[in-house]
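Participant: A structural model of the following input is requested.
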Amino acid sequence: MREGSWGGAALTCAFAVALVACGDTSGTTGSACTASADCDGNPGTCLMTTVWKGGYCTSSCSVSHNHSTTALNPDCPSDRATCVVIATGSGNGTPQCVAACTAANECRSEYACFSAGRRRYVCLPRAFSECDPRVRGSCGAGETCVNVGFNDVGVCRMACNPIANSGCSNAEGCYASGLTGEGLCTTPCVGTNSAGASCTTGAGRICGGTFSDCPGGYGCLGNAGENYSPFRTGTCFKYCDKNTVAVQCSAGATCEPLRRANGDPSDPVNLTGICTSSN
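Facilitator: Numbers count the residues shown, from 1 in each chain. Now for the predicted structure:
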């Protein structure tokens, strides 16, 4: 999901295959380059293809050295870089330094800030986005565009009914896009979620910024007055609409609109909302 982006391991892996930097400081992780000699690191490498516009400096690193909270990595020649396993033409399946981002405007031109899972965000080529998650029907019939970073970057997922939690495979749950209310299928969490809560609990589970932080059919209700943020925390409650409040929500609870990234509520709950309390 910026929503957490992303919503699950499948989405995370889809975009952790190739990561590009946010900054443009000569030689450091993610800076522009025309040859590997331009890049710092041990050794420094310049990724140069038509996808990586302007070139991209990377270098080897150890994922185990990522900071437990910030994910920043001291192996990387930058104070804004993390280490992930990436697949590029010159580094298939090897840990590489990539630049971190916390907002869309931190990425270079032609790049956008994508989720790399567990509240980590990195700049990727904008061309990796398949659809616009702000627009209903962006993927066409039978699919929903899920936000996988900041602003208008997304990937297409199978559509489903988030209130009934139906329409997905047995291994997936149905969740509602916080931008359009449309349902999408993705894999629920295993073990602990991005907020550190056990994935075995249902309603009342503490959740963070990814769909999979909650069970299928449940959304993450932010704290009162809190606008949507991929770094927020909240509580898992069932999805609802104006016709299913009595069935989905606890007695006395209401069905609230999903919150958009810009702080405005999404369409009224005639499509999908979230209970203020549920079982």
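
Participant: in the sheet, who's paired with residue 144?
Facilitator: Beta-bridge partners of residue 144, counted by DSSP bridges, are residue 157.

Participant: close enough to count as contact, it and residue 184?
Facilitator: Yes - using CB atoms under 8 Å, residue 144 is in contact with residue 184, at 4.0 Å. The way it works is simple: take the backbone N, C-alpha and C, and place the C-beta from them, glycine included.

Participant: More neighbours: these two, which one.
Facilitator: residue 184 (33 against 29; other CB atoms under 10 Å).

Participant: Which positions in the helix or strand containing the more buried one come out as buried?
Facilitator: Taking DSSP states H and E as the definition, residue 184 sits inside strand 183-186. Neighbour counts using 16 or more other CB atoms under 10 Å place 183-186 of strand 183-186 among the buried residues.

Participant: who touches that strand?
Facilitator: With contact meaning CB atoms under 8 Å, 6 or more residues apart in numbering, strand 183-186 is reached by 6-8, 10-11, 144, 146, 157-162, 167-169, 172-177, 211-212, 272.

Participant: did I read that right, residue 51 in a helix?
Facilitator: No - counting by DSSP: H, G, I helix; E, B strand; the rest coil, residue 51 is located in no helix; its state is coil.

Participant: so it touches residue 126, yeah?
Facilitator: No - with contact defined as CB under 8 Å, residue 51 does not count as touching residue 126 (10.1 Å).

Participant: hang on, the earlier thing: ok, the buried residues of strand 183-186 vs residue 62, which is closest?
Facilitator: Here the nearest of the buried residues of strand 183-186 to residue 62, counting by CB to CB, is residue 186; it sits at 29.2 Å.

Participant: For that closest one, name its beta-bridge partners.
Facilitator: Under DSSP bridges, the residues paired with residue 186 across the bridge are residue 173.

Participant: wait, doesn't residue 256 sit right on residue 274?
Facilitator: Yes - with contact defined as CB under 8 Å, residue 256 reaches residue 274; the gap is 5.7 Å.

Participant: more neighbours, the two?
Facilitator: Set side by side, residue 256 and residue 274 show more neighbours around residue 274, with 30 against 19, by other CB under 10 Å.

Participant: Who are the packing partners of the strand or helix carrying the more buried one?
Facilitator: Using DSSP H and E, residue 274 sits in strand 273-275. If you count contacts as 3 or more CB pairs under 8 Å, 6 or more residues apart in numbering; DSSP states H and E, strand 273-275 packs onto strand 218-222, strand 234-240, strand 255-257.

Participant: a markdown table for those strands, including distance to residue 197?
Facilitator: As requested, the helices and strands packed on strand 273-275 are exported to a markdown table (distance: least, CB to CB, whole Å):
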| stretch | distance to residue 197 |
| --- | --- |
| strand 218-222 | 11 |
| strand 234-240 | 9 |
| strand 255-257 | 21 |
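
Participant: Would you reformat those as CSV and include mean pLDDT?
Facilitator: Shown next, in CSV, are the helices and strands packed on strand 273-275 (pLDDT from 0 to 100):
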stretch, mean pLDDT
strand 218-222, 85
strand 234-240, 90
strand 255-257, 85
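
Participant: Residue 84 pairs with what?
Facilitator: Taking DSSP bridges, one finds residue 96 as the beta-bridge partners of residue 84.

Participant: Model confidence for it, exactly?
Facilitator: Per-residue pLDDT puts residue 84 at 83.

Participant: which residues does the spatially closest residue to residue 199 that is not a sequence neighbour contact?
Facilitator: Nearest residue to residue 199 in three dimensions, chain neighbours excluded: residue 189, at 4.3 Å (CB to CB, 6 or more residues apart in numbering). Going by CB under 8 Å, 6+ apart, residue 189 touches 8, 199, 210, 212-213.

Participant: Look up how far residue 274 lies from residue 189.
Facilitator: 18 Å (CB to CB, to the nearest Å).
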